[in-house]
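A.B. asks: let's see this in three dimensions:
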Amino acid sequence: MKHQTRDELDAGLAHIQASPSDGGRLEMLVRRPRTDEREVLEAGRLDLEAGLVGDKWRNSGHGRDSAEHLDMQLTLMNARVAALVAGSRERWPLAGDQLYVDLDLGHENLPPGIRLQLGEALIEVTAVPHTGCRKFSARFGKDATHFVNSKQGRQLNLRGINARVVEPGTIRVGDIARKSQP
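C.D. replies: As a prediction, this is how the structure comes out:
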């Protein structure tokens with residue numbers, strides 16, 4: 001698989017920045033039952049304790065009982081970023097996120113504490129940073145990792161954001177994520 005060059009990634013930035021600030025569509029839902037396994041779902045249940053039911057989040061080794069770990073129940077990635085770095089839609093799940101939304105995930109638009117209504121569920125953006133890791137670099141290239149972790153990439157949360165479940169419920173691909181104040 002050919003990875004995007006930094007110039008190609010930079011050329012896609014304007015399209016990413018045109019993401020809706022509210023009312024973005026859930027484009028893909030992915031459950032990770034075990035390390036390096038992905039299940040693309042049409043619908044899933046978000047739970048206060050389990051996060052996305054059936055996902056390995058609880059067993060990911062982040063100190064299960066800590067508040068920080070609870071603040072990492074869910075990861076959201078901008079679908080436009082996923083399309084840019086991964087190429088084909090079939091490769092999006094390799095990023096390792098659960099929710100791929102067409103939504104501006106930037107810190108200015110979605111600061112920690114803001115809530116999103118998504119289907120029947122309500123989730124809250126947390127302050128725990130989500131950054132590109134070694135696996136992300138291996139799957140999408142060093143340029144993609146530098147792109148998402150650049151100063152601008154971090155401001156726009158191009159690698160994504162962490163969230164926790166506030167109200168459980170079913171979510172479906174096609175659901176619209178709407179901002180909701182606590």
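A.B. asks: hmm, residue 99 is touching residue 79, no?
C.D. replies: No - contact criterion CB atoms under 8 Å: residue 99 and residue 79 do not qualify, at 9.4 Å. Just so you know, the C-beta spots here come from the backbone N, C-alpha and C atoms, and that holds for glycine as well.
A.B. asks: please enumerate the strands of the protein.
C.D. replies: Using DSSP state E, the strands found in the chain span residues 24-31, 39-41, 43-47, 51-52, 74-78, 99-101, 115-118, 121-125, 161-167, 169-172, 176-180.
A.B. asks: packing partners of the second one?
C.D. replies: Strand 39-41 makes packing contacts with strand 24-31 when contacts are defined by 3 or more CB pairs under 8 Å, 6 or more residues apart in numbering; DSSP states H and E.
A.B. asks: again with the fourth one
C.D. replies: Judged by 3+ CB pairs under 8 Å, 6+ apart, strand 51-52 is in contact with strand 43-47.
A.B. asks: partners of the strand it packs on, with directions?
C.D. replies: Strand pairing for strand 43-47, using DSSP bridges, gives strand 51-52 (antiparallel), strand 169-172 (antiparallel).
A.B. asks: for the spatially most central residue of the chain, list each beta-bridge partner.
C.D. replies: Nearest to the geometric centre of the chain sits residue 76, at 1.7 Å (CA atoms, centre = their mean). On the basis of DSSP bridges, residue 76 is bridged to residue 99, residue 161.
A.B. asks: so where's this structure shaky on pLDDT?
C.D. replies: In the predicted model, the chain carries pLDDT under 70 at residues 59-68, 132, 182.
A.B. asks: before we move on, the earlier item: from the strands of the chain, which stretch is densest packed?
C.D. replies: strand 99-101 (a mean of 28; mean count of other CB atoms under 10 Å).
A.B. asks: so what's the residue count around residue 6?
C.D. replies: Using other CB atoms under 10 Å, residue 6 has 14 other residues around it.
A.B. asks: what's near enough to touch it?
C.D. replies: Residues counted as contacts of residue 6 (CB atoms under 8 Å, 6 or more residues apart in numbering) are 143, 146-147.
A.B. asks: about what we covered before: mind putting the strands paired with strand 43-47 into TSV with distance to residue 114?
C.D. replies: Below are those laid out as TSV (distance: least, CB to CB, whole Å):
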stretch	distance to residue 114
strand 51-52	18
strand 169-172	17
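A.B. asks: which of those sits closest to residue 107?
C.D. replies: strand 51-52 (22.2 Å; CB to CB).
A.B. asks: distance between that closest one and the chain's centre?
C.D. replies: Distance of strand 51-52 from its chain centroid, counting by CA atoms, centre = their mean, to the nearest Å, is 13 Å.
A.B. asks: done for today, thanks.
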